[in-house]
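Peer 1: the sequence and its predicted three-dimensional model are supplied below.
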Amino acid sequence: MLDIRFHPDVGQEVDNAYAWYEAQVTGLGEDFLHELENGLVSVQTMPETWTIVAPGFRRYLLQKFPYGIIYQIAPHAVLVVAVAHLSRKPSYWQQRV
């Protein structure tokens, strides 16, 4: 199983999404985090399974939330570049690479 590494901005993206969902309905932010965690495990264990969205980048789609995990596969790790809302500035994360 590959290690997972995160771009420094990913933490803020996750925090913002969590806060927004939790403000909508108590517990919904926790549901978001749980689904994100499941997605990260899937990416970590089967990194080549998910859709290629740009050369060298793949995207795992969360099931119940409009977010995708954008990542690169490195020799010994998966680098998560973004946890991106799918309807907002879809290519903003490309500037991070």
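Peer 2: Cool, got the structure. Numbering: from 1, shown residues only.

Peer 1: please count neighbours and contacts with C-alpha atoms only from this point.
Peer 2: OK.

Peer 1: quick one: low-confidence ranges for the chain?
Peer 2: Within the chain, not a single segment meets pLDDT under 70.

Peer 1: check it for its longest strand and report it.
Peer 2: Looking across the chain with DSSP state E, the single longest strand is strand 77-85.

Peer 1: which other helices and strands does that one contact?
Peer 2: Under the contact definition 3 or more C-alpha pairs under 8 Å, 6 or more residues apart in numbering; DSSP states H and E, strand 77-85 sits against strand 3-6, helix 10-24, strand 67-73.

Peer 1: now the second one: buried residues?
Peer 2: Under the neighbour-count criterion of 16 or more other C-alpha atoms under 10 Å, helix 10-24 has 10, 14, 17-18, 21-22 buried.

Peer 1: what does stretch 68-75 give?
Peer 2: Applying 16+ other C-alpha under 10 Å to stretch 68-75 flags 68-73 as buried.

Peer 1: can I get those in TSV including distance to residue 91?
Peer 2: Shown next, in TSV, are these (distance: C-alpha to C-alpha, whole Å):
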residue	distance to residue 91
68	12
69	13
70	10
71	13
72	15
73	18
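
Peer 1: and which of those residues is nearest residue 46?
Peer 2: Lowest distance from residue 46 to the buried residues of stretch 68-75 (C-alpha to C-alpha) belongs to residue 73, with 10.5 Å.

Peer 1: now residue 40, what's its secondary structure?
Peer 2: Under DSSP: H, G, I helix; E, B strand; the rest coil, the three-state class of residue 40 is helix.
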